[in-house]
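Asker: Attaching a predicted model along with its sequence, questions to come.
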Amino acid sequence: MAQTLSGAQAQSRSSLAPLAPLAPLTEAARRYGVLPAPNLAWTPEVERATAHLYEKVKAIVPPVEWPFHAPYVKAINELKKERNAVILAHNYQTPEIYNCVADVVGDSLQLAKLAAQADADVIVQGGVHFMAETSKLLSPEKTVLIPDSRAGCSLAESITCADVRALRAKYPGVPVVAYVNTSAEVKAEVDICCTSSNALKVVESLGADRVIFLPDQYLAKNVQAQTKVKIIAWAGACEVHERFTAEEMLRYRADDPSITIIAHPECPPEVVEVSDFAGSTAAMIDYVKTKQPKRVLLVTECSMADNVAAETKGVTEFVRPCNLCPHMKRITLPKILDSLLTMREEVVIDPALAQRARRSVQRMIDLG
């Protein structure tokens, strides 16, 4: 496959990284020194080395795009071995990251737990900042990098540790549950964490009549519909999921009554109500792989449909109401490569804070 770049394209490519050979490395890349950038040209060697990976994504990554991705894919996969690094990719990462350079894929807690078990010195987080913090909490001895520290989260940023302390003062004695989509500072102030898949179990495990649940108001409402525990919700929301509406879902169903609608519980309750199934990203993926519906609408961040499509090999047709997470999309192949070359940007958490935050995460894990 040959590709000719225009002058503007070539200039843009060369600005991403200088063309220089990658030197031989030892001792986990000499304990994290800055390394010279690799050659990022599209060559027959790169084409051969990445052909098996392109087979995984060729249905969703157009041939014209692969010559731009492939040199980065090859360089990253070589460099992570030298760094003794593991790359984590959340389900919302783009297909070339999720399918071609990631060692571990899944939802945020899955990633952190599996990374803690990995025999690696370095964790590169393909996801947003709170995920990198959670990885650091569960792997304090490892170096955790996030390729772009600006990759935030509307949920995590909707609440602070001061807000949690104010809630405790307002509702003394009421236990506090925090969704994992929160900062380490917030996790340090709460009693226990939860995920979208175990939120109901966590809430009911506390044996309380009332529970403060933060920060996602829609996940709180969807849990409230399943329990007698009174939930006091914080008014946060995911900027991707809150944009979906029941009216939109009903229009899709009117166009095709056979369509299967699968929603994430961060969506408003009325969206969940008109869906065929609601669950965490892991549960949504498992539903598609197990049930193999002919036509599916995944009501979540739209890159996940691309990744599931690549894994299911055309068994299911995906309708894409394409809401993209701008924060997830800050993570790119060039930034992952730069992170491995320079060992930036490292996630550091004060040990005393980390100990308190880790306690709330571990309490959730101990529930099973």
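Answerer: Good, I have the coordinates. Residues are numbered from 1 along each chain as shown.

Asker: Model confidence for the closest residue to Gly106 other than its chain neighbours, exactly?
Answerer: In this structure, Gly106 finds its nearest non-sequential neighbour in Ala282, 6.1 Å apart by CB to CB, 6 or more residues apart in numbering. Where C-beta positions appear, they are placed from N, C-alpha and C, glycine not excepted. Ala282 carries a pLDDT score of 92 in this model.

Asker: now swap in Val315 and tell me
Answerer: With respect to pLDDT, Val315 has a value of 80.

Asker: For it, what are phi and psi?
Answerer: Note on Val315: its backbone torsions stand at phi -60, psi -40 [degrees, to the nearest 10].

Asker: didn't it look like it was pressed against Pro293?
Answerer: No. Between Val315 and Pro293 there is no contact under CB atoms under 8 Å: 9.1 Å.

Asker: between the two, who's got more neighbours?
Answerer: Higher neighbour count among Val315 and Pro293: Pro293, with 19 against 13, using other CB atoms under 10 Å.

Asker: From Ser108, how far out is the more buried one?
Answerer: Distance of Pro293 to Ser108, computed by CB to CB, to the nearest Å: 26 Å.

Asker: Repeat that for Glu239.
Answerer: 17 Å.

Asker: quick one, which of the two is more surrounded?
Answerer: Counted by other CB under 10 Å, Glu239 and Ser108 do not tie: Ser108 has more neighbours, with 27 against 14.

Asker: List the contacts of that one.
Answerer: 90, 127, 130-131, 134, 180-181, 195 (CB atoms under 8 Å, 6 or more residues apart in numbering).

Asker: Just the ones in strands from those residues, please.
Answerer: Per DSSP state E, strands hold the following members of those: His90.

Asker: quick one, domains of this structure?
Answerer: Using automatic domain parsing, the domain ranges for the chain come out as 7-151+328-342, 156-238, 241-319.

Asker: which residue is nearest the centroid of the protein?
Answerer: Against the mean C-alpha coordinate of the chain, by CA atoms, centre = their mean, the closest residue is His90 at 2.8 Å.

Asker: Let me see the contact set for the closest residue to that residue other than its chain neighbours.
Answerer: In space, His90 comes closest to Gly127 once its chain neighbours are excluded; the distance is 3.9 Å by CB to CB, 6+ apart. For Gly127, the contacting residues are 88-90, 92-93, 108, 111, 146, 151, 328, 331, by CB under 8 Å, 6+ apart.

Asker: can you rerun that using 7 Å?
Answerer: Gly127 is in contact with 88, 90, 108, 111, 328, 331, counting by CB atoms under 7 Å, 6 or more residues apart in numbering.

Asker: Ok, Leu340 next?
Answerer: 76, 79-80, 83, 85, 124.

Asker: let's see 10 Å
Answerer: By CB atoms under 10 Å, 6 or more residues apart in numbering, the residues touching Leu340 are 29, 32, 35, 75-76, 78-80, 82-83, 85, 87, 101, 122, 124, 145, 147.

Asker: can you check Ala278 too?
Answerer: If you count contacts by CB under 10 Å, 6+ apart, Ala278 has them with 196, 222, 261-267, 269, 271-272, 284, 287, 299.

Asker: now Val124
Answerer: Going by CB under 10 Å, 6+ apart, Val124 touches 76, 80, 83, 85-89, 101-103, 115, 132, 135, 143-147, 331, 335-337, 339-340, 343.
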